[in-house]
Structures are given as C-alpha cells and as structure tokens.
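Peer 1: Build me a model:
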Amino acid sequence: MKNKLTKEENLNLTENICKNFNGKDLKIIENIVEFTIQRKVWSYKFNVQIFTENEIIAIYTKVINSNNKNGIDFGSTKKLSRKIYEMFIQACH
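Peer 2: Got it, this is the predicted structure:
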C-alpha cells in the first residue's frame, strides 16, 4: 500500500496497530514488524508481518497452530489483512 508517510511514521503506526489488536511477541527487525494475534483462546493464532519503508507498507498474515506450523484458515488471513489495511487507510487520512 502506498502512502505519504516516512519509514519511521509507518513503523510507529504499525506498532500502534499491534497494540490495537493486542498483539503479542512484537519483534522489529530493521523495517519489518512481526507480531502474533489471537482473539479468543479457542480461535486461530495469526502471525502478522508488516514491511515498512518510505511511502509504502506491505502486509503478510498467516495462521499458525500450536506447534508454530501453518494451519488452514478458510479465508481468515485475508479478512485480517483487510482489517489491518483499513486501519492504515484510516490513520493515513
């Protein structure tokens, strides 16, 4: 997604989004922010990775199971990516 924010502004925004989703295990490595989300105890756990740069971000989400392996998501990663994307859109305007 293109925007008009600097890399630092995109990183700050990404950290705020992590907090809004009650993200856990936040890791920031250079310009990649990674965290996990689990909405309810019985629901899927998601790994979220957001690449940030000047005027651009990219969102990657995947389902992980209890053994940290990929799981079947039935479209839930796409929904989560869309929600994160919408949060970026709202924050950029």
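Peer 1: Can you tell me what sits against stretch 1-8?
Peer 2: Applying Cβ atoms under 8 Å, 6 or more residues apart in numbering, the set of residues contacting stretch 1-8 from outside is 10, 13, 31, 52-59, 85, 88-89, 92. Backbone N, C-alpha and C define where each C-beta goes, glycine included.
Peer 1: Find the helix or strand that Val33 is a member of.
Peer 2: strand 32-38 (DSSP states H and E).
Peer 1: which helices and strands does that strand pack with?
Peer 2: helix 7-20, strand 24-29, strand 45-53 (3 or more Cβ pairs under 8 Å, 6 or more residues apart in numbering; DSSP states H and E).
Peer 1: Lys78: which of those is closest?
Peer 2: strand 45-53 (11.3 Å; Cβ to Cβ).
Peer 1: Hey, what's the angle from whichever helix or strand comes after that closest one to strand 45-53? Just curious.
Peer 2: Once strand 45-53 ends, the next helix or strand along the chain (criterion: DSSP H and E) is strand 56-64. Orientation check (axes from the mean of the first three to the mean of the last three Cα atoms, to 10 degrees): strand 56-64 against strand 45-53 gives 160 degrees.
Peer 1: Centre of the chain to strand 56-64, how far?
Peer 2: Strand 56-64 sits 6 Å away from the centroid of its parent chain (Cα atoms, centre = their mean, to the nearest Å).
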